[in-house]
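Visitor: pasting the structure only:
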């Protein structure tokens, strides 16, 4: 009896060992990962750079106050299209007009003084000085003739010595008066010359004052210097403005400039004359076409970003884009037509080499195989595949499971529309 029980126990132990072995074998088997997959497809890829930017006028005209005064009247409104010469603002220039009248009066006096100096002095003063000198010279000549006559008479005994002496005394006085009046005339002429120089400077100063005040008076009527859009008008009637204060800004906005802020890693792909597409959140159904012009030559800090400032010219025929508005910028830098492509998420990088994980059949089992590839340009969703993949290759897509070379997988989601004929992508 004991022998039978012992045999039965051995049988049970053997069965238990077999069951345990089977359970261990089953529990140690790796689960098969469930994945999504795709195949290379042909499509057009446009490599673009997207960023933000700000609209600027290309040739803005800034109008600033030329004097401290009040704004009397505003004739236009901000955003209005104006013509060259159209009146925009009127400023209070009463003080400048009063000063201008006084300056013109000073100019007239200075010009009169200059004419007098150029004519040899004031007519009455010049006539008096010249007349006094001429009379003295005439008296001297008359007394000189009398002296000569008395000398001849004295020699014949027809005149006395006393008569000769009296005439000589008068002659000496006349000569002294001529000398004095000659000095007076010379001083008068010298003074006239000095007065002429002073008058000339006074005329120049008065002319400068008049011109400056006339310009100030003209500044009382602010007119548009060009045809364009008045996009900034920060003043209103009654405002007090100081010299240099902004009165208005305007420009021809049919073509504007967009200053795009390109992140540093993307600057290397920029080139001149690349197409640009501008959108504005305020008009979501509109877009504007342009092109790149000035490529950034340096990187600047903008908030937490390091950016290059790319200048783009943009057509604005309907004058919808306004200066200083924030816009969205997309630069289409490169384009490839009908090229092989795979989703960006399927491409991985290791030591500078790009690769994908192919789904290969290994003895009836699906296994991942690492395949190096060469990529070209990329858009937001896909990479261009230059070489490394062929028609019909199945590429694993990333998911919840970390994929690796040699892993067993099972495809649970496959876009069968991608399984179509085509030429090999350089394999």
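Guide: That came through fine. This one's a predicted model, so the numbers in the text were calculated from it and none came from an experiment. Residues are numbered from 1 along each chain as shown.

Visitor: make it CA atoms for all contacts and neighbour counts henceforth
Guide: Fine.

Visitor: Tell me the secondary structure of residue 271, please.
Guide: coil (DSSP: H, G, I helix; E, B strand; the rest coil).

Visitor: Tell me the pLDDT of it.
Guide: If you check residue 271, the pLDDT there is 86.

Visitor: same check, this time on the one 10 residues further on
Guide: Reported pLDDT at residue 281 in the predicted model: 93.

Visitor: Count the neighbours of the closest residue to it other than its chain neighbours for me.
Guide: If the residues on either side of it in the chain are set aside, residue 281 comes closest to residue 327, at 7.1 Å by C-alpha to C-alpha, 6 or more residues apart in numbering. Counted by other C-alpha atoms under 10 Å, the residues lying close to residue 327 total 19.

Visitor: what's residue 327 in contact with, if anything?
Guide: Applying C-alpha atoms under 8 Å, 6 or more residues apart in numbering, one finds that residue 327 lies in contact with 52, 53, 54, 55, 278, 279, 280, 281.

Visitor: Report the buried members of those residues.
Guide: In the contacts of residue 327, burial by neighbour count holds for 52, 53, 54, 55, 278, 279, 280, counting by 16 or more other C-alpha atoms under 10 Å.

Visitor: of the residues you listed, closest to residue 45?
Guide: residue 278 (19.7 Å; C-alpha to C-alpha).

Visitor: Which pLDDT does the model give that closest one?
Guide: Here the pLDDT value assigned to residue 278 is 94.

Visitor: Within the helices and strands, which one has it?
Guide: With elements taken from DSSP states H and E, the one containing residue 278 is strand 275-280.

Visitor: what packs against that strand?
Guide: In terms of contacts (3 or more C-alpha pairs under 8 Å, 6 or more residues apart in numbering; DSSP states H and E), strand 275-280 is packed against strand 283-294, strand 326-343.

Visitor: in stretch 332-346, what's buried?
Guide: 332, 333, 334, 339, 340, 341, 342, 343, 346.

Visitor: Tell me the gap between the host helix or strand of residue 152 and the middle of its chain.
Guide: Element membership for residue 152 (DSSP H and E) is helix 123-156. Between the mean C-alpha location of helix 123-156 and the chain-wide mean there is a distance of 83 Å, by C-alpha atoms, centre = their mean, to the nearest Å.

Visitor: tell me the mean pLDDT for the helix or strand just after it?
Guide: Going down the chain from helix 123-156, the next helix or strand is helix 161-218, by DSSP H and E. Computed over helix 161-218, the mean pLDDT rounds to 79.

Visitor: Whichever helix or strand comes after helix 161-218 packs against which elements?
Guide: Once the chain leaves helix 161-218, the next helix or strand it forms, by DSSP H and E, is strand 221-223. Using 3+ C-alpha pairs under 8 Å, 6+ apart as the contact definition, the elements that strand 221-223 packs against are strand 87-91.

Visitor: What's the mean pLDDT across the helix or strand following the strand it packs on?
Guide: Where DSSP H and E defines the elements, the next helix or strand beyond strand 87-91 is helix 94-118. Here the mean pLDDT over helix 94-118 is 80, rounded to a whole number.

Visitor: buried stuff in helix 94-118?
Guide: Taking 16+ other C-alpha under 10 Å as the basis for neighbour counts, the residues of helix 94-118 that come out buried are 96-97, 99-100, 103-104, 106-107, 110-111, 113-118.

Visitor: got it, and stretch 260-275?
Guide: Residues of stretch 260-275 classed as buried: 260, 261, 262, 263, 267, 270, 271, 275 (neighbour count, 16+ other C-alpha under 10 Å).

Visitor: Now do the SS call for the first one.
Guide: So that's residue 260. Counting by three-state DSSP, the three-state call for residue 260 is strand.

Visitor: so what's it up against?
Guide: Contacts for residue 260 were tallied using C-alpha under 8 Å, 6+ apart; they are 51, 52, 53, 54, 309, 310, 311, 312, 329.

Visitor: what number of residues lie near the first one?
Guide: Residues lying near residue 51 (other C-alpha under 10 Å) number 14.

Visitor: pLDDT at it, what is it?
Guide: 91.

Visitor: Apart from its chain neighbours, what residue comes closest to it?
Guide: Leaving out its chain neighbours, the residue that sits closest to residue 51 by C-alpha to C-alpha, 6+ apart is residue 329, at 5.2 Å.

Visitor: How about the third one?
Guide: Counting by C-alpha to C-alpha, 6+ apart, the nearest residue to residue 53 once its immediate chain neighbours are dropped is residue 260, at 4.0 Å.

Visitor: Across the sheet, point out what pairs with that neighbour.
Guide: Partner residues in beta bridges with residue 260, using DSSP bridges, are residue 53, residue 310.

Visitor: Give me the distance between it and residue 331.
Guide: Distance from residue 260 to residue 331, counting by C-alpha to C-alpha, to the nearest Å: 10 Å.

Visitor: what touches both of those two?
Guide: Joint contacts of residue 260 and residue 331 (C-alpha under 8 Å, 6+ apart) do not exist.

Visitor: show me what contacts the residue lying closest to residue 168 once chain neighbours are set aside?
Guide: Distances taken as C-alpha to C-alpha, 6+ apart put residue 147 closest to residue 168, at 6.6 Å, once the chain neighbours are dropped. Neighbouring residues of residue 147 by C-alpha under 8 Å, 6+ apart: 164, 167, 168.

Visitor: which one among those gets closest to residue 62?
Guide: Minimum separation from residue 62 among these (C-alpha to C-alpha) is found for residue 168, which lies at 84.9 Å.
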